[in-house]
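Engineer: just the structure for this:
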Amino acid sequence: MEGSLTTYSAMEASRPEGSARRIAPPSMSRIVPGGAPLETLCDWVEQAAEASQEARELAERCRDYSDNKQLTAEEKRELRRRGQPEVIRNKIKRKVLFLRGWEARNRSDPRAFANKSTAEDDASKATDMLRFQERKNRLDRKFSEVWDNFIHEGYGGIEVLGPSARDPRVIEVKRWRWDRLFHDPHSSEHDFEDARYLGGYIWKDEDDVLEMYPEAEDAIAATLSGEGSTWGRTYDDKPLKFAWTTGVNGKRKRVRLVQIDYLWRGWWWRAIFVKGGKIEEYPLPFVDEQGNSVPSMILGSAYVDRENNRYGEVAEWLSLQDDINKRHSKALHEINSTQTVAEQGAILDVDEFKRQKARPDGHMELAPGALEARKFQFVERQQQAAANVQMLQLADAAFDKSGPNSALMGTQSGAPSGRAIRANQEGGLIEIEPLRDQHNDLKQRVYQAVWMRCQQFIESETWIEVSDDRDTTRQVGFNRPVTAAEQLAEEARAQGMPDDEIAARLDEADQDPELSQQLRQVVAAEGVIAELDVDIIIEPASESINMAHEAFEFVAQDPTMPFEVKLELWPGTSKQKQRIRDLLAKMREGNAKAEAEAAALKADNLKADTEGKRARAKKDMADADEAELTTRMAPAEMAGSAMAEPPPSAPAPQSAYAVA
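Structural biologist: I've put the predicted structure just below:
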């Protein structure tokens, strides 16, 4: 992002419909009407450019060295004359890539902490909003680009504006390229808190500017006809290089606009102007927690010298890189070159002799008898070449120890163990802590400004999407109106009343028109951003990641140590640990359910088996009783049968007819 041209009117247009403006800069009594004169603004810009000329030249050189542009035109000509290749051992870029990769691996997120013990939910909501803004603005990427500026040029900047015109929920955050920024040269603080003005340049086509600002036609015309100023190549248009204009006589006309935030009579103002006149000017609507006016530009720097010049990490490596390149080139030249000593006339053609000597298959001719008379000889330079190689090795060693050393980069050889390597890396991190501290300070100031813009401008009901992990997404509401019915339902639910009973009572009350209207009235608001009292911090990456790994390895090898302790010492993120806990809880819940079902099934089987045994025992008892009864009744039945039969000796009665 080259820069921004967000105006006050654009910020007002992006405000959600129906929301009241908390701050109305044009009518505030603290603001004195009218900003700084155009002459004053132009003088400030000229002073900033002139005072930073030396620092910007150093910054450009640092960037060029990282981009393999390390040889001057004169050095290239000399190498071509020698017949040597343009060999560059770019050790700067390797360190830069490590620092960039290290920052990307150790990115941190914003977090809100409640100022009251009863407002933990408020802190959670504020954290959700900040991380929503972080995701929508791709702040991780923007902060990484500023980190790259800290390494090379020594400073960078972010601009925090109001709600975006595309999405009123999103606070617009833009990154400024270092070669488009300027600042008060009297500022000596790393965070530019003592600066009276901060600004940047934006190159645009003339027709685009006139479309945005049709009333600025005269100012643009005056700028295009002027000669302008030359402040070096830093602020020039790319790839064309002019001061205030470019392509005056061509088909495409480019105009450089100046955007400046400046403190004027106790309030911060924004002006957009060209050398020919002002285009737009207004008091900035942004304030801090105490209600003080603040600029939209937030700048930070890595290091500041006694002359208020900003510089980065690469500046220290320039001379070491030059030493390596020159020693390497000199050693190569001496190895491939030899000196000769001869009497005058011993060499027929000196220039041709040198050309042939430089060729691997060259043929060199001498005057007759020069060799026999010892009028010619080669001078050995092995000692000089060896000395240059030794100096090259010393330069290499000095470079490796500067900034992120080999121990920190994990390339040190001969380390006794992995634990020793990690310990060396931990020590190497101390050297870049000041740089990271300045970068984290910039990030925190940006997040604080984003939160203040949220409190200032987001007043209507707003819902955002929050991703807790890869599987779940939830909706979080802010400034949500609460009706009397919802409030009564929540109070009843807190007293333990079932939801169906609450719904029945509300339906019954809704039958009364007057009572129904009262229940629909908004009586409160939930999650009001302006009322969330929180502190914003940056969650640091693991401060001692190597020590954490070492402690975890020690505990992980102990089989008697509980798993919960090992998980707590595991050097993962809090989200990863919580995800593992949730998965374990689900597994335990599933195991407990399976065990309960198995136990119930076992109990049912045991019960069925017991009842079966009881039934069989009862049947056996019944069968035994029946058998016993049968046994007892058998003799009596036999006796009864014997008495009923006539005795065998008694004659059978005869019929009367038979007797007759």
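Engineer: what about the spatially most central residue of the chain? Give its phi and psi, please.
Structural biologist: Centroid-nearest residue in the chain: Asp140, 2.9 Å away (criterion: C-alpha atoms, centre = their mean). Note on Asp140: backbone dihedrals following degrees, to the nearest 10 are phi -60, psi -40.
Engineer: apart from its chain neighbours, what residue comes closest to it?
Structural biologist: Take Asp140 and drop its neighbours on the chain: the residue closest to it by C-beta to C-beta, 6 or more residues apart in numbering is Arg107, 5.4 Å away. All C-beta spots, glycine's among them, are computed from the backbone N, C-alpha and C.
Engineer: now do the same for that neighbour: helix, strand or coil?
Structural biologist: The three-state label given to Arg107 by DSSP: H, G, I helix; E, B strand; the rest coil is coil.
Engineer: could I get the phi/psi values of it?
Structural biologist: For Arg107, the backbone dihedrals are phi -70, psi 150 (criterion: degrees, to the nearest 10).
Engineer: so what's it scoring on pLDDT?
Structural biologist: Predicted confidence (pLDDT) for Arg107: 87.
Engineer: residues near it, how many?
Structural biologist: Number of residues near Arg107 (other C-beta atoms under 10 Å) recorded here: 15.
Engineer: list the contacts of the residue nearest to Arg520 when sequence neighbours are not counted.
Structural biologist: Setting aside the residues directly before and after it, Arg520 is nearest to Thr483 in space (C-beta to C-beta, 6+ apart), at 5.7 Å. Shown in contact with Thr483 (C-beta atoms under 8 Å, 6 or more residues apart in numbering): 519-523.
Engineer: closest to Glu280 out of those?
Structural biologist: Closest approach to Glu280 among the contacts of Thr483 (C-beta to C-beta): Val522, at 38.7 Å.
Engineer: correct me, but that closest one touches Arg480?
Structural biologist: No - applying C-beta atoms under 8 Å, one finds Val522 not in contact with Arg480, separated by 10.0 Å.
Engineer: neighbour count: the two, which is higher?
Structural biologist: Arg480 (16 against 12).
Engineer: what are the phi and psi values at that one?
Structural biologist: The phi/psi pair for Arg480 (degrees, to the nearest 10) is phi -80, psi 120.
Engineer: skipping adjacent residues, who's closest to it in space?
Structural biologist: Using C-beta to C-beta, 6+ apart, the closest residue to Arg480 is Glu526 (4.5 Å).
Engineer: what's the local residue count around the one you found?
Structural biologist: Neighbours of Glu526 under the rule other C-beta under 10 Å: 15.
Engineer: thought it was touching Gly477?
Structural biologist: Yes - between Glu526 and Gly477 a contact is recorded at 6.9 Å, counting by C-beta under 8 Å.
Engineer: for Arg355, see how far away Lys238 is.
Structural biologist: Lys238 sits 43 Å away from Arg355, going by C-beta to C-beta, to the nearest Å.
Engineer: can you check Trp268 too?
Structural biologist: 69 Å.
Engineer: ok, Arg141 next?
Structural biologist: 55 Å.
Engineer: which of the contacts of Thr483 count as buried?
Structural biologist: The neighbour count (16 or more other C-beta atoms under 10 Å) marks Leu519 as buried among the contacts of Thr483.
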